[in-house]
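> please work out how this folds:
(chains A and B)
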Amino acid sequence: MSLFSPWHKDNAEAVAAEARDLLRRQLPQASRRRFLARGLTLGGLSLLSGCVIDDNASAEAALTRISRINDWVQGRLFDPSLLAPTYPDSMITRPFPFNAFYDEDMAPRIDAGDFRLEVAGLVAHKRPWSLPELRALPRYSQVTRHICVEGWSAIGKWGGPRLSDFLHMIGADLNARYVGVHCADGYYTSIDMATALHPQTLIALDWDDRPLPPKYGFPMKLRIPTKLGYKNPKHIQAIFVSNTFNRGYWEDQGYNWFGGS
Amino acid sequence: MKADPTSIPSRHDGPPHPLWLRMTHWLNALAVLIMVMSGWRIYNASPLFDFTFPAGITLGGWLGGALQWHFAGMWLLIINGLVYLCLCLSTGRMARRLFPVTPRGVLADARRALAGHLDHSDPRRYNQVQRAAYLFAILDLVLVVLSGLVVWKSVQFPMLRELFGGYDAARLIHFYGMAAIVAFVAGHATMALLVPRSLLAMLSGGPRPPRSDKEIAP
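Below you'll find the predicted structure:
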């Protein structure tokens, strides 16, 4: 993946700038325009409210600013000691819904033996991690509700090491602001450090006590029951600690960055 | 010393609808419009029932845009709503205008309204059907905001979540609350058009009390 090489550089600023540049190219201009055009067709509102909001670009800018304020508010609301509710195994949703920006048969197939989790950014130990090494970390299992930004929810059982344990193991700068991930399907996102250190934030290797099937994100996903589904990336290939990379596949198109629940 | 009655400031001196009331009313109308239209778009992403809302009457263009509108509009709805409630309670307007209200009184006024015998000459005095309807709208908006908080932040507001019976139940209540406010707006707008004087009063404040009344007072 061309995106990984810059992540190995030590200078986080340069890395973020390069990543931003690459991602800007990756996100086609057409989709940005589509957001402008269809994102803010005001329908009847412009007729009723007259001249209040007649400029799509300035309306988008205002809404984006408010979304940033809502990031801040959610950061303040987030209680690191508050746990998401857990459920008995009998309440697990079966079949658990598949959801991605592509169809189920397009889910990437990763070879377990070849898999290496890349580690980059503000961390002391940047050596890649194999799957058996990840499995050797203390394992936690929890049945929690996955809430999609679309509104539906489903209860699932995920197991694996805590992200906080992993961040300690790799000597991550725990005062850094963001933990970013890049995925085999081209997906990318980032979360705040407080959520990364939450005890329920898992590097999920298992679903329902078995290795994650490809459709649920083999070989690993981030399971964050305090965040919406789009902040629970699958098929993770690289984890990146930084003070600058606060982006995401959907977030860059207008979804709220914090995406907390 | 005998006080001159015309110099005694009275809360009844102003227009029937003071400026703060008219401003919070129309800002609330705008907030509800934004919340309902963007909410319909969000609903369409994962419908609870066997129907979706026509895209043309929704706001936001797609789910992400609708969410941005919804979580911007919520600030207008909540802040404006709190200003309204504070002023309505502290000025005594709530107690004066919206109470008393009894089931018997609402029924009696509803019968009078259907017979065309209701008197709308004094915009200061709400009949009991109005009082019940306005109180219903206020309580319903409180319900919609609280259930919306659970849908938005079900982990961070555990007590509220349990009060509404969990995330999925709060989502349903949020929808029904929306339906109720839409029904209220339909009735409210119809009545405002049937009695244009009431609509004009909400724009201009309504007729001031005639000064001459005070001057001939003993």
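
> got the contact list for the closest residue to residue A:165 other than its chain neighbours?
Nearest non-adjacent residue to residue A:165, counting by CB to CB, 6 or more residues apart in numbering or on different chains: residue A:137, 5.8 Å away. For the C-beta atoms, the positions are set from N, CA and C on the backbone; glycine is no exception. By CB atoms under 8 Å, 6 or more residues apart in numbering or on different chains, residue A:137 lies in contact with A:161, A:165-166, A:169, A:203.

> with secondary structure and pLDDT added, can I get those residues in JSON lines?
Below are those laid out as JSON lines (DSSP: H, G, I helix; E, B strand; the rest coil; pLDDT from 0 to 100):
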{"residue": "A:161", "secondary structure": "coil", "pLDDT": "98"}
{"residue": "A:165", "secondary structure": "helix", "pLDDT": "98"}
{"residue": "A:166", "secondary structure": "helix", "pLDDT": "98"}
{"residue": "A:169", "secondary structure": "helix", "pLDDT": "97"}
{"residue": "A:203", "secondary structure": "strand", "pLDDT": "98"}
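
> ok, the residues you listed vs residue A:257, which is closest?
Of all the contacts of residue A:137, residue A:203 has the smallest distance to residue A:257: 21.2 Å, by CB to CB.

> next one: that closest one from residue A:129, what distance?
As for residue A:203, its distance to residue A:129 is 10 Å (criterion: CB to CB, to the nearest Å).

> same question for residue B:173.
According to CB to CB, residue B:173 stands 45 Å off from residue A:129.

> same question, residue B:161
Using CB to CB, residue B:161 is found at 36 Å from residue A:129.

> what's the nearest residue to residue A:68 if we skip its chain neighbours?
Computed as CB to CB, 6+ apart, the closest residue to residue A:68 that is not its neighbour in sequence is residue A:257, at 7.7 Å.

> which parts of the helix or strand harbouring residue B:169 are buried?
Per DSSP states H and E: residue B:169 is located in helix B:167-194. By neighbour count with 16 or more other CB atoms under 10 Å in any protein chain shown, helix B:167-194 contains the buried residues B:167-168, B:170-171, B:173-175, B:177-178, B:180-181, B:184, B:188, B:191.

> and stretch A:117-126, by the same measure?
Result for stretch A:117-126 [16+ other CB under 10 Å]: buried residues A:117-123.

> pretty sure the residue nearest to residue A:165 sits in a helix.
No: using DSSP: H, G, I helix; E, B strand; the rest coil, the assignment for residue A:137 is coil, not a helix.

> ok, which stretches of the chain are helices?
No chain in the question, so chain A it is. For chain A, helices defined by DSSP state H occupy the ranges A:4-7, A:12-26, A:29-39, A:45-49, A:56-77, A:131-135, A:163-169, A:193-196.

> hm, I was asking about chain B
B:19-45, B:63-90, B:93-98, B:103-114, B:128-152, B:158-163, B:167-194, B:196-204, B:211-215.

> any chance of a markdown table for those helices, columns distance to residue A:81 and mean pLDDT?
Compiled in a markdown table, the helices of chain B are given as follows (distance: least, CB to CB, whole Å; pLDDT from 0 to 100):
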| stretch | distance to residue A:81 | mean pLDDT |
| --- | --- | --- |
| helix B:19-45 | 30 | 98 |
| helix B:63-90 | 25 | 98 |
| helix B:93-98 | 39 | 95 |
| helix B:103-114 | 47 | 93 |
| helix B:128-152 | 20 | 97 |
| helix B:158-163 | 12 | 98 |
| helix B:167-194 | 20 | 97 |
| helix B:196-204 | 48 | 93 |
| helix B:211-215 | 63 | 49 |
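
> including distance to residue B:51, could those go into JSON lines?
Formatted as JSON lines, the helices of chain B follow (distance: least, CB to CB, whole Å):
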{"stretch": "helix B:19-45", "distance to residue B:51": "9"}
{"stretch": "helix B:63-90", "distance to residue B:51": "17"}
{"stretch": "helix B:93-98", "distance to residue B:51": "35"}
{"stretch": "helix B:103-114", "distance to residue B:51": "31"}
{"stretch": "helix B:128-152", "distance to residue B:51": "20"}
{"stretch": "helix B:158-163", "distance to residue B:51": "27"}
{"stretch": "helix B:167-194", "distance to residue B:51": "12"}
{"stretch": "helix B:196-204", "distance to residue B:51": "32"}
{"stretch": "helix B:211-215", "distance to residue B:51": "55"}
